[in-house]
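Asks: Predicted model follows, preceded by the sequence.
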Amino acid sequence: MFPSDTGAGSGSGMIQEVEWQKENANAVTLIGNLGREPEMKYLEDGKVIANVSIAVSRGRNAAPHWFDLDFWNDEARQVESLVKGQQIQVTGRLTQNTWKDKMTGQTREKVRVVVSSVALVTSNAMGG
C-alpha cells in the first residue's frame, strides 16, 4: 500500500494495490435513468445497435451527469423495450470518438460508454 495524497478511499490514508487485469483497465459501471427511448439501428449484416443516454445523479439536489451509451447485438435487443425514465445499471468500457466539425473545421470529441451488460434497477428501502 502507498500513502494517499488526498486521503480518499477507505479513510486509512492508504491506496490499495491491485493486480493489473486487462478487463479492468477500461471499465465503468453507471446507474441512471434513461433520457429517452433507445434508438435502434438494424444493419444489413444482421448486427443491431441501440443508442440511448442516461442521467446519473449523486442526489436529489445535484444536477445529473449525462452519458451516451452504445449497445451492440444481444445487449441492444435487451434494451429495445425500455422507456424514458427507467432506471438501469450498465457496465462497459469508455470509447472516445473524434471527428472534424464540417462547419467550423474544429476537431470535436465525445466520450461514450460501450455497454457489455445491462440490468434493471429495483427499488429498495435504503436507496429508493
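Replies: On my side now, so go ahead. Numbering: from 1, shown residues only.

Asks: avg pLDDT for the longest helix along the chain?
Replies: With secondary structure taken from DSSP state H, the chain has its longest helix at helix 74-79. For helix 74-79, the mean pLDDT works out to 95.

Asks: Show me what it is in contact with.
Replies: 38, 40, 48-50, 52, 71, 88, 115-118 (CB atoms under 8 Å, 6 or more residues apart in numbering). No exception for glycine: its C-beta is placed from N, CA and C like everyone else's.

Asks: TSV please, covering these and showing secondary structure.
Replies: Formatted as TSV, these follow (DSSP: H, G, I helix; E, B strand; the rest coil):
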residue	secondary structure
38	coil
40	strand
48	strand
49	strand
50	strand
52	strand
71	strand
88	strand
115	strand
116	strand
117	strand
118	strand
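
Asks: picking up where we left off before, can you mark which positions in the longest helix of the chain are buried?
Replies: For helix 74-79, burial by neighbour count (16 or more other CB atoms under 10 Å) applies to 75-76, 78-79.

Asks: about what we covered before: which among the contacts of helix 74-79 end up buried?
Replies: Buried members of those, counted by 16+ other CB under 10 Å: 38, 48-50, 52, 71, 88, 115, 118.

Asks: partner strands of the helix or strand harbouring residue 89, parallel or antiparallel?
Replies: Assigned by DSSP states H and E, residue 89 falls within strand 87-100. Counting by DSSP bridges, the strands paired with strand 87-100 are strand 28-34 (antiparallel), strand 107-120 (antiparallel).

Asks: ok now it, how far from the chain's centre?
Replies: 6 Å (CA atoms, centre = their mean, to the nearest Å).

Asks: Mind listing residues that contact it?
Replies: 26-34, 54, 69-70, 79, 82, 106-121.

Asks: So residue 83: helix, strand or coil?
Replies: Residue 83 ends up coil, using three-state DSSP.

Asks: Look at the closest residue to it other than its chain neighbours and give its secondary structure.
Replies: The spatially closest residue to residue 83, leaving aside those adjacent along the chain, is residue 37, at 5.9 Å (CB to CB, 6 or more residues apart in numbering). Here residue 37 is coil, with the state taken from three-state DSSP.
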